[in-house]
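Need the 3D shape of this:
(chains A and B)
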Amino acid sequence: MQIETQEKGSALVVAISGSLDTKTAPAAETAIGAILDQGRNHLVVDFSEVDYIASSGLRVLLSTMKRLKKSKGKMFLCGMNPTVREVFDISGFSGIFKILDTQADALAAG
Amino acid sequence: MAIRISNDLDEIDGVIERFNAFAAGHGIPDAVRRTFDIAFDELLNNIISYGYAEGAERWIAVDIRLVGDELEVVIVDDAVAFDPFARAAPDTELSLEDRAIGGLGIHLVTKMMDRATYERDDDKNVMVIAKRWRGAPGAQPDLQEAKDDAD
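Here you go, the predicted structure:
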């Protein structure tokens, strides 16, 4: 699992690659936590290079969302493969996150 | 393919890697392969994290096989008796603030698999998860099959 960031207007694109599972979730949480610590409050999380996500990965996104709600920030998710999307749908997370098809859509939404 | 691991969380990656190689060799579609990757992460972490007394080295058997059109995985451990699939599904309609995350991993596995069963066999937990892969979107001809048949 790797995370790369890129400034795009007022948004910070957070591109995750690899898998988000029990083994990689702590590193993802640390990396995204550091981004929030810098005061960033408009995130576009790009899943284009994410192979799969397990419940521990969902947990990281949930805690990120909770922190952003407190700071009145916003987060958009994009680029999910069908399996990642299925995990969001089954867990009910599709209803609480803003999910767009492409990064361009996610940037336009913010 | 039979894999035997100890009750060490660091062993889980190796199971997923070996399974992924098996899946690639048999033309298992990514959508099906990913579902099993998730199941290994959820189920093996549960067993290893919660099933054993501290310090005891034990073994978990993971048997991966193609049965008809299904990919089937049997996980056998001698951890404390526990049926993960008997847990109630989490309330996925709750708001962000009210949501308790526990149980979500097992819920994912049961929803994504075609079958997920548990039985206690003497002092062992036996879990079977299965999903149809042949004829699933993206399926490739089974290149490994002829080779396996010749073995």
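
Report how many residues lie close to the nearest residue in space to residue A:9 that is not next to it in sequence.
Closest residue to residue A:9 apart from its sequence neighbours, by Cβ to Cβ, 6 or more residues apart in numbering or on different chains: residue A:107 at 6.8 Å. Any C-beta I mention is one placed from the backbone N, CA and C, and that applies to glycine too. Neighbourhood size, residue A:107 [other Cβ atoms under 10 Å in any protein chain shown]: 19.

State the three-state secondary structure for residue A:107.
helix (DSSP: H, G, I helix; E, B strand; the rest coil).

Residue B:73 now?
Residue B:73 is classified as strand under three-state DSSP.

swap in residue B:129?
strand.

How about residue B:71, nearest residue that isn't a chain neighbour?
residue B:133 (4.7 Å).

Double-check the one you found against residue B:28; I have them as touching.
Yes - the pair residue B:133 / residue B:28 is scored as a contact, 5.2 Å apart, by Cβ atoms under 8 Å.

Heading C-terminal from whichever helix in chain B runs longest, find the next helix or strand.
Secondary structure assigned by DSSP state H gives helix B:30-50 as the longest helix of chain B. Once the chain leaves helix B:30-50, the next helix or strand it forms, by DSSP states H and E, is strand B:59-67.

what about that following strand, average pLDDT?
Confidence over strand B:59-67 (mean pLDDT, whole number) is 97.

and if you look at stretch A:81-90?
97.

Pull out the buried positions in that stretch.
A:81, A:83-88, A:90 (16 or more other Cβ atoms under 10 Å in any protein chain shown).

for chain B, what are the nearby residues on chain A?
A:19, A:21-23, A:51-56, A:58-59, A:62, A:65-66, A:69, A:81-83, A:86-87, A:90-92, A:95-96 (Cβ under 8 Å from any Cβ of the partner chain).

Could you tell me the angle between the longest helix of chain B and strand B:59-67?
160 degrees (axes from the mean of the first three to the mean of the last three Cα atoms, to 10 degrees).

residues of helix B:30-50 that come out buried?
Under 16+ other Cβ under 10 Å, the buried positions of helix B:30-50 are B:30-48.

packing partners for that helix?
Helix B:30-50 sits against strand A:42-53, helix A:55-70, helix A:82-91, helix B:12-25, strand B:59-67, strand B:70-77, helix B:104-112, strand B:124-132, with contacts defined as 3 or more Cβ pairs under 8 Å, 6 or more residues apart in numbering or on different chains; DSSP states H and E.

Just give me the neighbour total for whichever residue of chain A sits closest to chain B.
Proximity of chain A to chain B (Cβ to the nearest Cβ) peaks at residue A:92, 2.7 Å away. Counted with other Cβ under 10 Å, the neighbours of residue A:92 add up to 17.

next one: residue B:83
Around residue B:83 there are 12 residues (other Cβ under 10 Å).

and if you look at the one 3 residues further on?
Residue B:86 is flanked by 8 other residues according to other Cβ under 10 Å.

That one: what's its closest spatial neighbour, skipping adjacent residues?
That would be residue B:118: by Cβ to Cβ, 6+ apart, it lies 7.2 Å from residue B:86.

and if you look at residue A:72?
Nearest one to residue A:72, counting by Cβ to Cβ, 6+ apart, is residue A:41 at 6.9 Å.

How many neighbouring residues does the one you found have?
For residue A:41, using other Cβ under 10 Å, the count is 18.

Got the phi and psi for residue B:29?
When read as degrees, to the nearest 10, the backbone of residue B:29 gives phi -60, psi 150.

what's the distance between it and residue B:69?
According to Cβ to Cβ, to the nearest Å, residue B:29 and residue B:69 sit 12 Å apart.

With residue B:129 instead?
15 Å.

Please say which of these two ends up with more neighbours.
The neighbour count for residue B:129 versus residue B:69, taken as other Cβ under 10 Å, is higher for residue B:129 (24 against 12).
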